[in-house]
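Peer 1: Pasted the sequence and its predicted model underneath.
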Amino acid sequence: MLERSLQSALADFGANGKKAQRQSLSQKLDLWKQFHLDRASERDLHKEFVVEIHSILLSSLEIRNRLAHGITGWSARAPGRSENASISTELNDKKIVVDYGELKRITEQTGTIASHMDRITSYVFEPDKWRHSDLHAEIRKMLYRSNR
């Protein structure tokens, strides 16, 4: 879902669709971020938001790559133990344990971003920058819900 939303956003920016299709997801994320930074030069709030979203998506991509290419072990929550289920990974000589809570949080955040990628992208094209002034706060509220 994210890659499809990202590809659509890049098409909205006029990126060469065939070239963008051949790029890695990380390269597409960097291109998306740069398009926003270039076109929202006087909109500091939006630029900060895009940098934040980009960082979340890179974290999500790293976890995805670890799960796809670097699983070394796992643990389940046993009765009477307090630690959460987790997956141990090693990728590029770096060991990381991803617990269930982190995996759930980053998955939900990535889904939220993908669902609103078109709105985030349309913000750049909106001539009246105040029309969507609550867009950033609205999406942040969804990203950082603590009640899930």
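Peer 2: Everything's here; your move.
Peer 1: so the closest residue to residue 40 other than its chain neighbours is in which element?
Peer 2: Leaving out its chain neighbours, the residue that sits closest to residue 40 by CB to CB, 6 or more residues apart in numbering is residue 46, at 4.4 Å. From N, CA and C alone the C-beta is placed, and that goes for glycine too. Using DSSP states H and E, the element containing residue 46 is helix 44-69.
Peer 1: Show me what that helix packs onto, helices and strands only.
Peer 2: Helix 44-69 is packed against helix 25-39, strand 86-91, strand 94-99, helix 100-125, helix 135-143, with contacts defined by 3 or more CB pairs under 8 Å, 6 or more residues apart in numbering; DSSP states H and E.
Peer 1: now it, how far from the centre of its chain.
Peer 2: 4 Å (CA atoms, centre = their mean, to the nearest Å).
Peer 1: which residues are in contact with stretch 92-111?
Peer 2: Stretch 92-111 is contacted from outside by 1-2, 56-57, 59-60, 63, 66-67, 72, 77, 83-90, 143, 148, using CB atoms under 8 Å, 6 or more residues apart in numbering.
Peer 1: make it 6 Å
Peer 2: 2, 56, 60, 63, 84, 85, 86, 87, 88, 89, 143 (CB atoms under 6 Å, 6 or more residues apart in numbering).
Peer 1: if I pick the residue nearest to the spatial centre of the chain, what's in contact with it?
Peer 2: In the chain, the residue lying closest to the centroid (CA atoms, centre = their mean) is residue 57, at 2.3 Å. Contacts for residue 57 were tallied using CB under 6 Å, 6+ apart; they are residue 29.
Peer 1: And it, how close does it get to residue 29?
Peer 2: Distance, residue 57 to residue 29, using CB to CB, to the nearest Å: 5 Å.
Peer 1: Per-residue pLDDT of residue 31, please?
Peer 2: We have a pLDDT of 92 for residue 31.
Peer 1: I'd like to know how far it sits from residue 23.
Peer 2: Applying CB to CB to residue 31 and residue 23 gives a distance of 7 Å.
Peer 1: got it, and residue 105?
Peer 2: Residue 105 is 27 Å from residue 23, by CB to CB.
Peer 1: now residue 12
Peer 2: Distance from residue 12 to residue 23, by CB to CB: 16 Å.
Peer 1: Good, wrapping up.
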